[in-house]
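requesting a structural model of the entry that follows:
(2 chains)
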Amino acid sequence: MSPEKAEAYWKENIAMIIKLLIVWFIVSFGCGILFINELNAIEISGVKLGFWFAQQGAIYVFVILIFVYVKVMTGIDEKYGVHE
Amino acid sequence: MELQSLIYLFVGISFAVYIGIALWAKAGSTKDFYVAGGGVHPIANGMATAADWMSAASFISLAGIISFKGSDASAYLMGWTGGYVLLAMLLAPYLRKFGKFTVPDFVGDRYYSDTARLVAVVAVIFVSFTYVAGQMRGVGIVFSRFLQVDVNTGVLIGMAIVFFYSVLGGMKGITYTQVAQYVVMIFAYMIPAIFLSLQVTDTFIPQLGIFATTTFAFDSGISVIPEGTYLLHALDQSISDLGFTEYTQPGNLWNMFMLTTALMLGTAGLPHVIVRFFTVPTVKDARISAGWALLFIAIMYTTISSVAAFSRVNLINNLQNTEYKAFVNGEIEGNDGNWFKTWENGGLIAWNDRNGDGKIQYATGAAFDGAKGKPAFDGDKRAEDGHRLVTNAKAGADEAEMAKGNGIANELYVDRDIMVLANPEIANLPNWVIAFIAAGGLAAALSTAAGLLLVIASAISHDLLGQVIYKDKETGKSTLNEKTELMWARVSAVAAICVAGYLGINPPGFVAQVVAFAFGLAAAAFFPTIILGVFDKRMNKEGAIAGILTGLIFTFSYIIYFVFLGGVKEDWLFGIAPTGIGTVGTLLHLVVALIVSRMTPEPPKEIQELVERIRIPSGAGDAVDH
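As a prediction, this is how the structure comes out:
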């Protein structure tokens, strides 16, 4: 693999990781902590939204994030021909 | 069948399965011993990781902590799951590509230094022992309750079982045992949770139970909350009646932020979790395996929040204004208090009849004088009605305290660690469910203890003996042959088990808190070093060593000073609690490593090439020996 191609692969990898980590930060630290009081004003079936994010919601999103990462990353690997 | 016989039966069957697997998966080579031969299927690895990582603290203590702290304890739920996102994206694939056996292996090779390797070995041993101490206490608690032995004997039994499958099977034995342990754990957790959810809310899926309404009129002792109220509304109202902060009301958001961060970074930095990603065949498998691990963990973790809420409701509902004598003698229809007597015998629950009405009252405040309101039992002496006597019972009603709790003085001490174990009994669930939870609690504690012990053993035999002490100066290779190293690996495992057993018999503190400290240390010691090793080509050995030492020493001193040497809350740095200080330790590590590395020579060319190779997934091949 040429150094240019390797660099392009790495850049694409980093760009995707950053995007996914932004989502990771928003659902956990954002919804579950920093804006928990604001979100708690919204209530669904007796459960305050901020409380739900902190106790369950963030976890569901984490699982989805990893599977999205695997799928996109496999695509990038194939595009650059570095898959196994 | 009698409860006790059922417990022996369930625990006996599960132990037989673990030992059977250990015999089947005996390690024949160092590669089997350290990384299970490197051919574990990603889904199996996901299950093993989940079991490895969900400890006695998760299984036994976590729901109890959330039950008593409510919204504030969400930090544990988010922290202990969010770290997997970091692990999947920033660590696992690259470590798998790197393809060695242990975390010190990575540190030693990437930073081309035996000093760095040695520092990493010390850090691994340190973090793992801190953690394993908590596990061993968990093992003791579960055994003492379910096998009717004292805690020390319980620890010894646990040591014997772990000894059997980790010394014999190494990582290979542990991996497949952990798959079985995950299955036992998840059933043991979900079945009672489903029962509870049906009982309290009529909802089959516990995760949805908190959205449902109560199936009974709920009497807090102050007011009666009508049937059909939303569960969390009923809980909020009842505990604020009793003088507690509302369940869903968040407290100190700053500390919640710091603790969540420390737990996330720690999860991604824990050596016994990281090493699990060396055991799968390819880089892609390492990525997906982190996803499976988190999915398996999430099944239990999203249930924990519901179990916590149900159990607080249940506790109040079953105990408030219940006549002690009739209760413990099983004379109250549909509310058998036998469990209360059992835990009272174990010293984890106590009652102090402050108003002399013979009934149990629960409210905010301590029923006993002294540290954390813990009862000091007066030997085995008992009052006329059968409750255990204590020497530090608070006499009479305390006006100031009662004003907070709308006129009730608290008479009850409940150890938070018992909530999950006692829950099925509190809810009067069938005996087989209770027996099952015993097997699950043991699986949780044993699987994590085994994983940690193996990491300690590998750090000693592979890294310390193989790569530092018995290293040929000329070739840089270990002079130990395979057979001798395997023998040393087993000897190290035995030594580690003995130390862990000692720590279990003389535990350094409250289970989940000790675990939180281990996470802080893991975060501050490892997370930045590995990330920088992959993402910063310019990072050199000087930076790495300075960073690890800074992170570890800072975090450790802060915890020791404020937890064990009597430091006071007012002196906390920026108001950060010791459990969350790992975040600052990690930050310091990062800053020091970056500054030192830029002031010292750049790493050799072959190391920079190594980093480039790690970044590309293809050609991972087998985990290679030196």
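
how about stretch B:282-296, does it get close to chain A?
Yes. Using CB under 8 Å from any CB of the partner chain, stretch B:282-296 reaches chain A at B:282-284, B:287-288, B:290-291, B:294-295. Glycine gets a C-beta too; all of them are placed from N, C-alpha and C.

got a list of what residue 77 touches?
Since you didn't name a chain, this refers to chain A. A:83, B:284, B:617-618 (CB atoms under 8 Å, 6 or more residues apart in numbering or on different chains).

you answered for a different chain; I wanted chain B.
Neighbouring residues of B:L77 by CB under 8 Å, 6+ apart: A:54-56, A:58-59, B:62, B:66, B:301, B:304-305.

ok, A:G46 touching B:L235?
No. Under the criterion of CB atoms under 8 Å, A:G46 makes no contact with B:L235, lying 9.7 Å away.

between the two, which has more neighbouring residues?
Under the criterion of other CB atoms under 10 Å in any protein chain shown, the comparison of A:G46 against B:L235 puts B:L235 first, with 28 against 18.

thought the more buried one was touching B:Y247?
Yes. B:L235 is within contact range of B:Y247, at 4.9 Å (criterion: CB under 8 Å).

intersection of neighbour lists for A:G46 and B:L235?
Contacts common to A:G46 and B:L235, judged by CB under 8 Å, 6+ apart, are absent.

quick revisit: where do the contact lists of B:L235 and B:Y247 overlap?
With CB under 8 Å, 6+ apart, B:L235 and B:Y247 have common neighbours B:309, B:312.

what stretches of chain A score poorly on pLDDT?
Within chain A, no stretch falls below the threshold (pLDDT under 70).

how about the helices in it?
Taking DSSP state H to define them, one finds helices in chain A at A:3-25, A:36-39, A:49-52, A:58-79.

just say which of these is most tucked in.
helix A:49-52 (a mean of 24; mean count of other CB atoms under 10 Å in any protein chain shown).

any residue of it up close to chain B?
Yes. Against chain B, helix A:49-52 shows contacts by CB under 8 Å from any CB at A:50-52.

circling back: narrow the residues of stretch B:282-296 next to chain A to those in helices?
Mapping those onto helices (DSSP H) picks out B:283-284, B:287-288, B:290-291, B:294-295.

any idea how far B:S71 is from B:G221?
Between B:G221 and B:S71 the distance is 23 Å, computed by CB to CB, to the nearest Å.

sorry, that was for B:S61
From B:S61 to B:S71 the distance is 18 Å (CB to CB).

the more surrounded of those two?
B:S61 (28 against 23).

do you know the pLDDT at the residue of chain B found nearest chain A?
Using CB to the nearest CB, the single residue of chain B nearest to chain A is B:Y230, 2.5 Å away. pLDDT, B:Y230: 92.

okay, now it: neighbour count?
Counted with other CB under 10 Å, B:Y230 comes out at 18.

for it, name its beta-bridge partners.
In this entry, B:Y230 is beta-bridged to B:T213, by DSSP bridges.

need the contact list for it.
So B:Y230 contacts A:45-47, B:211-214 (CB under 8 Å, 6+ apart).

flag the shaky bits of chain B, pLDDT-wise.
For chain B, the stretches flagged by pLDDT under 70 are B:473, B:476, B:507-516, B:619-626.

from B:G365, how far off is the nearest residue to B:N431 once chain neighbours are set aside?
Leaving aside its sequence neighbours, B:N431 sits nearest to B:L3 (CB to CB, 6 or more residues apart in numbering or on different chains; 4.5 Å). Note on B:L3: its distance to B:G365, by CB to CB, is 34 Å.

give the buried residues for stretch B:323-331.
Neighbour counts using 16 or more other CB atoms under 10 Å in any protein chain shown place B:323-325, B:327-328 of stretch B:323-331 among the buried residues.

can I get the CA coordinates of stretch B:78-95 in PDB?
Backbone C-alpha positions of stretch B:78-95 (Å, rounded to 0.1, in the frame of the first residue of the first chain) are rendered in PDB as follows:
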ATOM      1  CA  MET B  78     -23.400   5.100  31.400                       C
ATOM      2  CA  GLY B  79     -19.800   4.900  32.500                       C
ATOM      3  CA  TRP B  80     -19.600   1.100  32.500                       C
ATOM      4  CA  THR B  81     -21.200   0.900  29.100                       C
ATOM      5  CA  GLY B  82     -19.900   4.000  27.200                       C
ATOM      6  CA  GLY B  83     -16.400   2.800  27.600                       C
ATOM      7  CA  TYR B  84     -17.000   0.100  25.100                       C
ATOM      8  CA  VAL B  85     -17.600   2.600  22.400                       C
ATOM      9  CA  LEU B  86     -14.100   4.000  23.000                       C
ATOM     10  CA  LEU B  87     -12.700   0.400  23.200                       C
ATOM     11  CA  ALA B  88     -14.300  -0.600  19.900                       C
ATOM     12  CA  MET B  89     -13.200   2.500  18.000                       C
ATOM     13  CA  LEU B  90      -9.900   3.500  19.600                       C
ATOM     14  CA  LEU B  91      -8.200   0.400  21.100                       C
ATOM     15  CA  ALA B  92      -9.500  -3.100  20.200                       C
ATOM     16  CA  PRO B  93      -8.800  -3.200  16.400                       C
ATOM     17  CA  TYR B  94      -5.300  -1.800  16.700                       C
ATOM     18  CA  LEU B  95      -4.300  -3.900  19.600                       C
END
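
chain center to it: distance?
In terms of CA atoms, centre = their mean, to the nearest Å, the centre of stretch B:78-95 is set 17 Å apart from its chain centre.

and that stretch, is it in reach of chain A?
Yes. Legend: contact between stretch B:78-95 and chain A by CB under 8 Å from any CB is shown at B:78, B:81-82, B:84-86, B:88-90, B:93.

from those residues, which land in helices?
B:78, B:81-82, B:84-86, B:93.

next up, phi/psi of whichever residue of chain A sits closest to chain B, please.
Going by CB to the nearest CB, chain B is nearest to A:G46 of chain A, at 2.5 Å. A:G46 adopts backbone torsions of phi 80, psi 0, taken as degrees, to the nearest 10.

quick check: it vs B:D236, distance?
For A:G46 relative to B:D236 (CB to CB), the value is 9 Å.

before we move on, what about B:G46?
37 Å.

then B:V142?
32 Å.

more neighbours, those two?
B:V142 (29 against 21).

wait, isn't that one in contact with B:G441?
Yes. Using CB under 8 Å, B:V142 is in contact with B:G441, at 4.3 Å.

which residues do those two both contact?
Shared contacts of B:V142 and B:G441 (CB under 8 Å, 6+ apart): B:56, B:60, B:421.

now, those residues that are in helices?
Using DSSP H, the subset of the shared contacts of B:V142 and B:G441 located in helices is B:56, B:421.

mind checking how far the most centrally placed residue in chain A is from B:L442?
By CA atoms, centre = their mean, the mean C-alpha position of chain A lies nearest to A:L20, the distance being 3.3 Å. Look at A:L20 and B:L442: by CB to CB, they are 37 Å apart.

cool, A:V82 as well?
From A:V82 over to B:L442 the distance is 44 Å, taken as CB to CB.

of these two, which one has the most company?
More neighbours surround B:L442 than the other of A:V82 and B:L442, with 31 against 18 (other CB under 10 Å).

got a list of what that one touches?
Shown in contact with B:L442 (CB under 8 Å, 6+ apart): B:11, B:14, B:139, B:142-143, B:146, B:158.

got those residues as JSON lines, with secondary structure columns?
Shown next, in JSON lines, are the contacts of B:L442 (DSSP: H, G, I helix; E, B strand; the rest coil):
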{"residue": "B:V11", "secondary structure": "helix"}
{"residue": "B:S14", "secondary structure": "helix"}
{"residue": "B:V139", "secondary structure": "helix"}
{"residue": "B:V142", "secondary structure": "helix"}
{"residue": "B:F143", "secondary structure": "helix"}
{"residue": "B:F146", "secondary structure": "helix"}
{"residue": "B:G158", "secondary structure": "helix"}
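
lovely, talk soon.
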